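In: Sequence first, predicted coordinates after that:
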Amino acid sequence: MKVTITVETTSPNGTRDVHSEVVEKDVIVLGRGAGSDVRLESGAAALTHAQLSVGPTGQVIIEDLGSLGGVLLNDTPVSRQALRVGDKLSLADIQFEVRARPDGLELFREKRREEKLDLDAKIRRDLMAVHVPNRLPSFKLLSLSLAALVIGLFFVWPVLTEHKGSWSSGPIAAPHQMVGHDCTACHEGNFKAVSDKNCLSCHQLTAHAEVFKHVSAEKSTSEPSCASCHMDHNGPHGLIVRQAALCTDCHANIDSFMTARGNQAAVRNIPDFASHPQFAVTLQPESVGAVPRRVSLDEPAKLKDVSNVKLNHKVHLQPNLRTKTGRKTLQCADCHALSDNFRTIKKIEFETHCQECHTLEFDERLPKREVPHGDPDVVYRFLYAEYAKLLLGSTSVSSPTRTEFQQRGGRIPGKTSVAVVEAAKAPDDFSRSFVEQESRGAEKILFTKTACYLCHGVGNNKAPSAEIKDRALSFFTVLKPQIPERWMPKSIFSHGSHEEVSCEECHSGVRESELTADVLLPKIETCKDCHAEISRTGHPEKGKVSGDCITCHSYHDSQPIPAERKRPIKDIVAGLKL
């Protein structure tokens with residue numbers, strides 16, 4: 001980035017002197033300090049007042065670096081804004097005009113030279129020189145004296161007396177109160193920063209941070225320490241810093257950050273929430289045991305839910321559905337209820353959410369008798385036992401005699417034919433044939449036409465028929481449901497915090513969805529309706545909720561401490577380390 005600073009100075013007699021300075025850097029700092037790339041000759045300007053950088057689209061960005069004088073663009077205060085040709089830029093009391101140049105951008109400033117002091121001004125200056133208050137010790141002497149006093153009170157005195165309370169920069173955080181009396185629990189010496197080694201004596205480092213530690217060890221580069229983000233002595237609740245800049249310092253240019261360390265970034269550059277890419281969800285693989293797929297919500301062709309469960313939202317949200325106890329209109333919360341932690345959604349369970357409407361009855365002769373929901377082998381054995389009891393007359397339904405059974409010629413669902421009965425030579429053969437035929441018939445209807453078939457993907461058992469019969473196994477298998485507990489496992493989300501928002505505001509299109517494959521999750525545009533990143537002023541956009549990085553992402557996931565690193569309370573309080 002090349003920026004030309006042009007100052008046109010007009011003297012009292014009207015002559016003009018033009019001075020231009022070309023600065024070519026990626027980031028140009030403007031301020032009063034000696035280390036600034038562009039010096040601002042004004043007492044109202046901060047040492048590092050503002051900076052110029054190149055935005056994602058190639059525009060030159062002016063950004064306030066927390067100055068008291070502020071940055072005005074066309075008389076409007078800004079913290080970060082792209083410059084355009086013709087803009088009026090004010091840094092404290094210094095004004096520039098943004099102009100275009102063939103080789104970049106120009107900041108043009110007009111300056112008027114002060115007139116020389118007249119005679120009266122010289123007289124006033126001489127009088128002030130002999131004024132009594134001006135004969136007092138100089139400001140420099142007073143400053144040196146005060147500095148000596150500060151050094152004596154805050155450095156020499158604590159070392160001599162061991163009273164180091166004056167060295168503390170503020171109240172210690174609540175999690176560290178137990179060791180707050182012992183500075184050496186964290187600090188290895190006077191005026192030495194806390195090392196990561198001391199932090200790791202009590203805390204377990206997470207995988208995210210391990211990446212940087214491993215890379216820095218290989219490349220001998222300096223990476224942010226624990227104390228870069230977790231700054232203690234900021235009060236009981238000040239240990240976790242929420243500023244998005246702690247994340248965007250790396251992620252704004254993550255490609256270069258990782259490339260310089262011999263790695264390849266797995267994510268794209270994200271300088272702020274406004275530039276955050278579309279959400280990606282973790283979908284179940286099309287075959288059991290395969291690796292789950294990460295798919296962006298902007299890729300509808302790939303966005304297919306493979307849950308092995310048949311669900312039609314449109315049908316379930318129709319009014320006055322028939323249930324076992326009467327008519328009912330389902331609401332979202334009837335199936336998707338908040339967990340006790342008030343954050344996640346409870347798992348869908350047949351007994352809790354489905355059984356009220358979906359019956360598993362299998363024979364009109366056994367009213368209100370339902371097969372168990374679960375393993376197909378258990379279902380078949382249940383059927384076999386029920387038909388055995390039916391034949392033996394152990395239920396309220398009388399069992400048919402051989403003659404009655406022949407006269408009926410067959411009965412749903414088994415539809416046992418007369419031919420089967422005739423083929424049975426002995427009473428025991430007849431009983432087994434009746435029970436097995438009825439059981440297999442009911443099983444076939446349950447898994448190919450009703451009940452199980454309506455909600456699950458059903459396949460055939462590939463075991464040999466002889467083994468199936470010998471071990472009383474089912475002829476069918478049910479595809480295992482693959483319902484994700486978390487669609488976005490790399491994020492943090494609380495349904496309880498969004499309770500006042502209607503479900504369909506985020507999960508739109510649910511009333512028209514007829515396919516299980518539909519992924520009815522909100523896109524990032526929906527989140528941006530309510531959330532915005534906190535600016536450098538410390539407040540989000542008016543009317544928006546804070547949307548900083550750690551609102552939805554965690555750098556440190558909870559990690560258990562190994563058993564060998566656990567210590568008695570008395571050792572922790574005493575500051576004893578492993």
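Out: Thanks, I have the structure now. Numbering: from 1, shown residues only.

In: Ramachandran angles for the residue lying closest to Lys544 once chain neighbours are set aside?
Out: Leaving out its chain neighbours, the residue that sits closest to Lys544 by C-beta to C-beta, 6 or more residues apart in numbering is Ala532, at 3.7 Å. (Glycine included, C-beta is placed from N, CA and C.) Reported as degrees, to the nearest 10, the phi and psi values for Ala532 are phi -150, psi 150.

In: Next: Gly459.
Out: Note on Gly459: its backbone torsions stand at phi -130, psi 180 [degrees, to the nearest 10].

In: For the closest residue to it other than its chain neighbours, the count of nearby residues, please.
Out: Spatially, and ignoring its direct neighbours in sequence, Gly459 is nearest to Thr477 (4.8 Å; C-beta to C-beta, 6+ apart). The burial count assigned to Thr477 is 19, neighbours taken as other C-beta atoms under 10 Å.

In: would you say Thr477 is within a strand?
Out: Yes: in this structure, Thr477 lies within a strand as judged by DSSP: H, G, I helix; E, B strand; the rest coil.

In: measure it to Ala100 for me?
Out: With the distance defined as C-beta to C-beta, to the nearest Å, Thr477 ends up 72 Å from Ala100.

In: How about Asp249?
Out: With C-beta to C-beta as the criterion, Asp249 and Ala100 are 31 Å apart.

In: if I pick the residue nearest to Lys544, what's in contact with it?
Out: Residues in contact with Ala532, defined by C-beta atoms under 8 Å, 6 or more residues apart in numbering, are 273, 540-541, 544-547.

In: Max pairwise distance over these: which two?
Out: Farthest apart among the contacts of Ala532 by C-beta to C-beta are Phe273 and Val545. That separation is 11.5 Å.

In: any idea how this protein splits into domains?
Out: Under the assignment named as automatic domain parsing, the residue ranges that make up the domains of the chain are 2-112, 119-167, 174-259, 376-478.

In: Redo the ones you listed as JSON lines? Include distance to Pro484.
Out: Formatted as JSON lines, the domains of the chain follow (distance: least, C-beta to C-beta, whole Å):
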{"stretch": "domain 2-112", "distance to Pro484": "33"}
{"stretch": "domain 119-167", "distance to Pro484": "52"}
{"stretch": "domain 174-259", "distance to Pro484": "21"}
{"stretch": "domain 376-478", "distance to Pro484": "17"}
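
In: Which of these sits closest to Ala301?
Out: With C-beta to C-beta as the measure, domain 376-478 is the member of the domains of the chain nearest Ala301 (22.2 Å).

In: For that closest one, measure first residue to last.
Out: As for domain 376-478, its first-to-last residue distance stands at 7 Å under the measure C-alpha to C-alpha, to the nearest Å.

In: what do you get for stretch 496-505?
Out: For stretch 496-505, the first and last residues are 15 Å from each other (C-alpha to C-alpha).

In: residues in contact with that stretch?
Out: Outside of stretch 496-505, the residues within contact range by C-beta under 8 Å, 6+ apart are 332-333, 336, 338, 341-343, 506, 510-511, 526.

In: can you point me to the longest helix in this structure?
Out: Among the elements of type helix in the chain, defined by DSSP state H, the one spanning the most residues is helix 427-448.

In: Pull out the buried residues from that helix.
Out: Buried residues in helix 427-448, counted by 16 or more other C-beta atoms under 10 Å: 430-431, 434-443, 445-447.

In: picking up where we left off before, compare the domains of the chain and report which one is nearest to Arg322.
Out: When those are ranked by proximity to Arg322 (C-beta to C-beta), domain 376-478 comes first, at 14.3 Å.

In: Give the rounded mean pLDDT of the closest one.
Out: Mean pLDDT, computed over domain 376-478, is 75.

In: rewinding a little: in contact with the residue nearest to Gly459, which residues?
Out: With contacts defined as C-beta under 8 Å, 6+ apart, the neighbours of Thr477 are 376, 458-461.

In: mean confidence for the host helix or strand of Lys140?
Out: With elements taken from DSSP states H and E, the one containing Lys140 is helix 139-151. The average pLDDT for helix 139-151 rounds to 86.

In: Run the chain-centre distance for the next helix or strand after it.
Out: On the C-terminal side of helix 139-151, the closest following helix or strand by DSSP H and E is helix 157-161. Once both centres are worked out by C-alpha atoms, centre = their mean, to the nearest Å, helix 157-161 turns out to sit 48 Å from its chain's centre.

In: same deal with stretch 48-61?
Out: 28 Å.

In: which parts of the helix or strand that comes right after the longest helix of the chain are buried?
Out: Toward the C-terminal end, the helix or strand that comes next after helix 427-448 (DSSP H and E) is helix 452-455. Within helix 452-455, the residues that count as buried by 16+ other C-beta under 10 Å are 452-453, 455.

In: Can you tell me which of the residues you listed is nearest Asp298?
Out: Ranked by distance to Asp298 (C-beta to C-beta), the buried residues of helix 452-455 are led by Cys455 at 30.6 Å.

In: I figured the closest one was touching Cys357, is that so?
Out: No: counting by C-beta atoms under 8 Å, Cys357 is not a contact partner of Cys455; they are 11.0 Å apart.

In: picking up where we left off before, would you reformat the contacts of Thr477 as CSV and include neighbour count?
Out: Supplementary listing: the contacts of Thr477 in CSV, determined by neighbours: other C-beta atoms under 10 Å:
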residue, neighbour count
Pro376, 22
Val458, 15
Gly459, 12
Asn460, 10
Asn461, 16
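
In: In strands, which of these fall?
Out: Using DSSP state E, the members of the contacts of Thr477 that fall within strands are 458-460.

In: Wait, a helix at Pro271?
Out: No: assignment of Pro271 by three-state DSSP gives coil, placing it outside any helix.

In: and it, how far is that from Gly55?
Out: Summarising the geometry, the distance separating Pro271 from Gly55, computed by C-beta to C-beta, is 8 Å.

In: Next: Gln331.
Out: For Gln331, the distance to Gly55 - C-beta to C-beta - is 46 Å.

In: which non-adjacent residue is nearest Lys302?
Out: Using C-beta to C-beta, 6+ apart and skipping the chain neighbours, the partner closest in space to Lys302 is Val295 (4.8 Å).
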